[in-house]
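In: sequence unknown, structure follows:
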C-alpha cells in the first residue's frame with residue numbers, strides 16, 4: 001500500500017448499545033460512495049482469525065483514512081472498544097491529519113482528558129441524523145490532505161510510541177524534561193508513549209511527566225501519570241503513577257538506584273497489610289538487570305477523570321474559602337498519621353509539596369508516593385519551594401522526620417496565604433491571612449521553625465491542626 005492509499009475511508013468504533021445508530025450511519029456513508037470498515041460487513045474476512053490483532057491493524061492507521069469513535073458510557077467501560085481506541089490513538093500520535101474524529105453519543109458521557117484533549121472538537125449525535133452525519137463524513141474525506149507518516153525505517157529506529165509525532169489528543173507540547181546535551185541514546189518517554197514493563201503496558205500522560213538524567217548519564221529516572229493498557233480493565237480506566245529507573249553503567253551506585261523502587265514497593269505492600277491510610281497501592285512492580293519499574297494507584301472516581309493534586313488549589317482562580325480551608329487542614333491533619341507511620345519505620349518522606357499530595361473525595365488526602373524515603377540523604381535534596389532549612393546545600397543538619405513537619409507546614413502556608421514561606425524568616429500566617437483561626441495559624445507557624453528541634457513532632461502537629469480546624473466556622 002502506498003502512502004495516501006487506504007482500504008477504507010473511515011472505520012467506526014462503538015459499543016454494542018449504539019449499534020442501531022451506527023449501522024444507519026454506515027449505510028448512509030455507503031450510499032454516498034464511502035468505503036467503511038464495519039464489523040458486520042467483515043464477517044467472512046474475520047472468520048477463523050484472532051479478531052483482536054486484526055482489528056488493531058485496521059484501527060492502527062494502516063488500512064483506514066479516519067477512525068470515528070462513537071463515545072458513550074458503554075464505550076468507555078468496554079474492553080473491546082477501548083482496545084480499538086488505544087490502537088487508533090497510537091496512530092493519531094504519529095499523524096498530523098486529525099485521524100480521530102470523535103462523536104459523543106449523549107451529554108451524560110464524561111470523556112477523561114487523558115483520552116482526548118478537551119480542546120478537541122467533538123460532534124454530538126443528537127445534533128445530526130445519520131444521513132446528515134454521513135454527508136459531513138464524506139465532505140471530510142474528500143477534503144482530506146495526503147497523510148504524512150514516518151517511513152518504516154525511521155519509525156523503527158526512533159520509536160514505536162510516537163516520539164516524533166505531536167499528539168492532538170493528549171498534549172500539544174512535550175513535557176519539560178531535564179535531558180543532557182550528550183550521553184547515551186534515549187528511548188522516547190513523553191505524553192502518548194506506550195511503555196511496556198513485564199506483562200503490563202501503560203500509556204504515559206503529560207501530567208507531572210519528567211525524565212531526569214544523572215550528571216554522569218549513568219542513571220535516568222522517569223515519572224508520569226499513566227493509564228494501564230494491558231491488561232485492560234473491564235469496568236473502568238485504571239490510572240496510575242508510573243516511575244522507572246534505568247542504569248547505563250554497572251556500579252554500586254547504579255545498583256542502589258535500581259533497588260529503590262523495589263524497596264518502595266515492598267514498603268507500600270507492608271503498609272497496605274497494616275492498613276495504613278493515605279498511601280497508594282501497588283499496581284505493578286518489575287525489575288531486571290538494568291531497569292526497575294513501579295506503578296502505583298492514582299485515585300479516580302468511577303467513570304471519571306483522575307483526582308487532582310493540591311497544586312490545583314494554586315491556580316489563582318478562586319480564594320481558599322472556609323469550607324476548602326477546613327477540608328485542607330483536616331486532610332493534612334490525617335496525613336500526619338500517615339507520615340507518622342513512615343517515621344515509625346525509621347524513614348522520612350523529605351519531598352512533600354502540593355503536587356506530591358493527591359486530593360481525593362471530601363477532605364481525604366493521599367501521598368502520591370514515598371518521596372525520598374528509600375533514598376539516602378543528600379544535601380540540597382527536596383523540592384526547592386518547600387525545602388527545609390536543614391536540606392539546603394550548606395546546611396549542617398540532615399533531613400529526617402522534622403523535615404516532613406516543615407514541608408507539611410510549608411504546603412499549608414502556601415495554600416492558605418498564597419505565598420511561599422521564606423525558609424529562615426517566614427511572616428506569621430495571620431499577618432498574611434488575618435481571617436485564619438489563631439490556633440490554626442499558630443500550628444502552621446510552629447511547623448516552620450528554622451531549628452528542627454523547635455518544631456512539634458508529628459503527633460503534636462496533628463493535634464494542633466485538628467484544634468485549628470475546630471475553630472473554622
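Out: That came through fine. Note that this is a predicted model, so its numbers are computed, not measured.
In: residues near residue 116, how many?
Out: The number of residues packed near residue 116 is 21, by other CB atoms under 10 Å. Backbone N, C-alpha and C define where each C-beta goes, glycine included.
In: so it touches residue 102, yeah?
Out: Yes: using CB atoms under 8 Å, residue 116 makes contact with residue 102 at a distance of 5.9 Å.
In: how close does residue 108 sit to residue 21?
Out: Distance, residue 108 to residue 21, using CB to CB, to the nearest Å: 16 Å.
In: so for those two, which sits in the more crowded spot?
Out: residue 21 (18 against 9).
In: per-residue pLDDT, the more buried one?
Out: At residue 21, the pLDDT value in this model is 94.
In: kindly report the same for residue 289.
Out: pLDDT, residue 289: 86.
In: could you pull out the strands for the chain?
Out: Assigned by DSSP state E, the chain shows strands spanning 8-13, 36-37, 64-71, 103-104, 123-124, 194-197, 200-204, 210-213, 219-230, 239-247, 282-287, 291-297, 357-359, 365-367.
In: give the rounded mean pLDDT of the last one.
Out: pLDDT averaged over strand 365-367 equals 96, rounded to a whole number.
In: what's in contact with it?
Out: Applying CB atoms under 8 Å, 6 or more residues apart in numbering, the contact partners of strand 365-367 are 278-280, 299, 310, 331-332, 334-335, 338, 349, 356-360.
In: wait, residue 74 sits on residue 18?
Out: Yes: with contact defined as CB under 8 Å, residue 74 and residue 18 form a contacting pair (7.1 Å).
In: of the two, who's got more company?
Out: Using other CB under 10 Å, the more surrounded residue of residue 74 and residue 18 is residue 18, with 21 against 16.
In: returning to that earlier point: of the contacts of strand 365-367 - the most surrounded one?
Out: Taking other CB under 10 Å as the neighbour criterion, residue 332 ranks highest of these with 27 neighbours.
In: residue contacts, it?
Out: So residue 332 contacts 365, 408, 411-412, 465 (CB under 8 Å, 6+ apart).
In: kindly recompute the last result at 7 Å.
Out: Residues counted as contacts of residue 332 (CB atoms under 7 Å, 6 or more residues apart in numbering) are 365, 408, 412, 465.
In: where do the helices sit along the stretch 201-350 of the chain?
Out: Using DSSP state H, counting those that start in this stretch, the helices of the stretch 201-350 of the chain run over 252-273, 322-344.
In: make TSV out of those and add mean pLDDT and distance to residue 121.
Out: Formatted as TSV, the helices of the stretch 201-350 of the chain follow (pLDDT from 0 to 100; distance: least, CB to CB, whole Å):
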stretch	mean pLDDT	distance to residue 121
helix 252-273	93	40
helix 322-344	94	33
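In: need the winner for burial among these.
Out: Counting by mean count of other CB atoms under 10 Å, helix 322-344 has the highest mean neighbour count of the helices of the stretch 201-350 of the chain, with a mean of 19.
In: between it and helix 252-273, how many degrees?
Out: For helix 322-344 against helix 252-273, the angle by axes from the mean of the first three to the mean of the last three CA atoms, to 10 degrees is 120 degrees.
In: where does the stretch 301-450 of the chain have low pLDDT?
Out: Low-confidence segments of the stretch 301-450 of the chain (pLDDT under 70): 302-303, 315-319.
In: circling back: now render the strands of the chain as CSV, adding distance to residue 321.
Out: CSV is the format used below for the strands of the chain (distance: least, CB to CB, whole Å):
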stretch, distance to residue 321
strand 8-13, 43
strand 36-37, 52
strand 64-71, 35
strand 103-104, 33
strand 123-124, 34
strand 194-197, 40
strand 200-204, 35
strand 210-213, 32
strand 219-230, 28
strand 239-247, 28
strand 282-287, 35
strand 291-297, 30
strand 357-359, 15
strand 365-367, 18
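In: closest to residue 144 out of the ones you listed?
Out: Residue 144 lies closest to strand 64-71 among the strands of the chain, at 6.3 Å (CB to CB).
In: now for that closest one, which elements pack on it?
Out: Where contact means 3 or more CB pairs under 7 Å, 6 or more residues apart in numbering; DSSP states H and E, strand 64-71 is packed against strand 8-13, helix 79-94, strand 103-104, helix 130-142.
In: which elements pack onto the third one?
Out: This means strand 103-104. strand 64-71.
In: could you redo the last one with a cut-off of 8 Å?
Out: Identification of packing neighbours for strand 103-104 by 3 or more CB pairs under 8 Å, 6 or more residues apart in numbering; DSSP states H and E yields strand 64-71, strand 123-124.
In: any chance of JSON lines for those strands, columns mean neighbour count, mean pLDDT and distance to residue 391?
Out: What follows is the helices and strands packed on strand 103-104, written out as JSON lines (neighbours: other CB atoms under 10 Å; pLDDT from 0 to 100; distance: least, CB to CB, whole Å):
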{"stretch": "strand 64-71", "mean neighbour count": "24", "mean pLDDT": "93", "distance to residue 391": "47"}
{"stretch": "strand 123-124", "mean neighbour count": "14", "mean pLDDT": "90", "distance to residue 391": "52"}
